[in-house]
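> sequence first, then the predicted structure, then my questions.
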Amino acid sequence: MVAARTRLEIATDNLANLSTEGFRRVAARGALTGTGVSIERSRGPATAPGTPSGVDAIAEMIDVLAAERSFESAQKAVTAIDQSRQKSAEAARIQ
């Protein structure tokens, strides 16, 4: 969920700075580590003064939607785990 939230923050920041001169797009790259998923941020190439930021609005919106879906999926998985734990606890109390 943290990784999805980080991806969402990066994509929305890129969208917010779409027309900002001198802004360098931030790319998010995920990696699976021993402690979970980590997101690495890397800046794109600098643009010349007076030129647009080089951010592709459509690609960033797709990233926003993908990050939202990832977050929702993780949230559903956590909810399912919580429900299973509750059922197990209730079954243990009954017996």
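Sure, I can see it.

> all helices of the chain, in order?
Counting by DSSP state H, residue ranges of the helices within the chain are 2-16, 57-94.

> mean neighbour count and distance to residue 28 added to those helices, as CSV?
Yep, even glycine has a C-beta here, placed from its N, CA and C like the rest. Formatted as CSV, the entries for the helices of the chain read as follows, by neighbours: other CB atoms under 10 Å; distance: least, CB to CB, whole Å:
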stretch, mean neighbour count, distance to residue 28
helix 2-16, 18, 5
helix 57-94, 12, 8
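
> can you tell me which of the ones you listed is nearest to residue 22?
The closest approach between residue 22 and any of the helices of the chain, judged by CB to CB, belongs to helix 2-16 at 13.9 Å.

> I'd say residue 67 and residue 14 touch.
No - Residue 67 is not in contact with residue 14 according to CB atoms under 8 Å; the separation is 11.8 Å.

> circling back to that earlier point, of all the helices of the chain, which lies closest to residue 40?
helix 2-16 (9.8 Å).

> give me the angle between that closest one and helix 57-94.
Orientation note: helix 2-16 sits at an angle of 160 degrees relative to helix 57-94 (axes from the mean of the first three to the mean of the last three CA atoms, to 10 degrees).

> helices or strands up against helix 2-16?
Packed against helix 2-16, as judged by 3 or more CB pairs under 8 Å, 6 or more residues apart in numbering; DSSP states H and E, are the following elements: strand 26-33, strand 36-43, helix 57-94.

> any chance of the ones you listed in a markdown table, with distance to residue 9 and mean pLDDT too?
Converted to a markdown table, those look like this (distance: least, CB to CB, whole Å; pLDDT from 0 to 100):
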| stretch | distance to residue 9 | mean pLDDT |
| --- | --- | --- |
| strand 26-33 | 9 | 81 |
| strand 36-43 | 9 | 79 |
| helix 57-94 | 9 | 89 |
